[in-house]
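Engineer: Return atomic coordinates for the entry below.
(one chain, ligands or ions: 1)
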Amino acid sequence: MPAKQSITKLPPELFVEFCAYLTPSDLFILSKVCRKFYCYLSAPNSFSTQQIWKKSRLKFMTNDLMPPPNGMNEKCYVELLITERGCQICKINKKCKIYWEFGVRCCSKCFSEKTIMVESYVDYPRDLLEIMPFINKYGNMYYWKERLDFDCDQYTSFFHGYLSNLQSWLDVKKNKFDSIMKYAKAKQKKNEVKKISFSSDWQCPNIPYV
Ligand SMILES: [Zn+2]
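Structural biologist: This next block holds a predicted model:
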């Protein structure tokens with residue numbers, strides 16, 4: 001039996017065991033081998049799928065053990081954390097940053113194309129803007145434009161329908177907003193601590209005087 005054929009015939013329980021030895025990057029490569037592996041590794045609601053990603057993350061990405069943000073599954077979380085895969089939007093630029101407020105990893109060019117700086121409350125309702133995740137850059141508020149426009153449409157349809165529905169929709173969004181912004185802040189804090197400890201660990205190499 002050819003080697004490729006035999007590995008794709010692994011029963012699910014052995015597949016899970018086999019994955020326990022793989023890094024998150026290896027898991028991504030494996031998910032592209034065949035449709036069966038893709039399904040095993042991409043089922044958002046499967047407990048064992050999510051456990052595979054979680055175990056790999058905890059074993060191989062030990063510099064950040066924070067769990068994923070509320071509502072994000074393990075696979076999406078791991079995918080975000082692998083910064084060496086580059087920008088998730090243009091898929092070209094390798095230099096990129098994770099924006100936890102938006103749940104996106106992107107380069108600075110895509111960031112400026114995809115976000116909008118809101119200077120006044122003319123174009124968007126104020127109570128909506130107050131509960132939309134944003135990035136504060138030099139005192140300016142940047143929002144993810146597609147999401148802001150989408151939510152603005154929903155807001156308008158609620159506004160012209162039943163206002164009580166609008167209020168409960170805003171309440172749900174406010175809870176999500178609080179949770180996302182709190183998480184993003186915690187990640188930022190963690191990165192700052194990492195940077196400080198890195199710079200204090202760094203020692204000047206012993207270069208002999210000539
Ligand atoms: Zn990009």
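Engineer: Flag every residue of the protein that's near the ion.
Structural biologist: Contact residues (Cβ under 5 Å from the ion) of the chain with the ion: 87, 89-90, 93, 107, 110. Quick note: C-beta positions are derived from backbone N, CA and C, even for glycine.
Engineer: which helices and strands sit right next to the top helix by length along the chain?
Structural biologist: Longest helix in the chain, counting residues (DSSP state H): helix 163-201. Counting contacts by 3 or more Cβ pairs under 8 Å, 6 or more residues apart in numbering; DSSP states H and E, helix 163-201 packs against helix 145-159.
Engineer: What are the contacting residues of the helix it packs on?
Structural biologist: With contacts defined as Cβ atoms under 8 Å, 6 or more residues apart in numbering, helix 145-159 is touched by 102, 114-116, 118, 124-125, 128-129, 132, 165-166, 169, 173.
Engineer: Those residues into JSON lines, with extra columns for secondary structure, distance to residue 187 and neighbour count?
Structural biologist: Putting the contacts of helix 145-159 into JSON lines (DSSP: H, G, I helix; E, B strand; the rest coil; distance: Cβ to Cβ, whole Å; neighbours: other Cβ atoms under 10 Å) gives the following:
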{"residue": "102", "secondary structure": "coil", "distance to residue 187": "12", "neighbour count": "21"}
{"residue": "114", "secondary structure": "helix", "distance to residue 187": "20", "neighbour count": "18"}
{"residue": "115", "secondary structure": "strand", "distance to residue 187": "18", "neighbour count": "22"}
{"residue": "116", "secondary structure": "strand", "distance to residue 187": "23", "neighbour count": "17"}
{"residue": "118", "secondary structure": "coil", "distance to residue 187": "23", "neighbour count": "18"}
{"residue": "124", "secondary structure": "coil", "distance to residue 187": "26", "neighbour count": "18"}
{"residue": "125", "secondary structure": "coil", "distance to residue 187": "29", "neighbour count": "15"}
{"residue": "128", "secondary structure": "helix", "distance to residue 187": "25", "neighbour count": "21"}
{"residue": "129", "secondary structure": "helix", "distance to residue 187": "23", "neighbour count": "17"}
{"residue": "132", "secondary structure": "coil", "distance to residue 187": "19", "neighbour count": "20"}
{"residue": "165", "secondary structure": "helix", "distance to residue 187": "33", "neighbour count": "12"}
{"residue": "166", "secondary structure": "helix", "distance to residue 187": "31", "neighbour count": "20"}
{"residue": "169", "secondary structure": "helix", "distance to residue 187": "27", "neighbour count": "16"}
{"residue": "173", "secondary structure": "helix", "distance to residue 187": "21", "neighbour count": "19"}
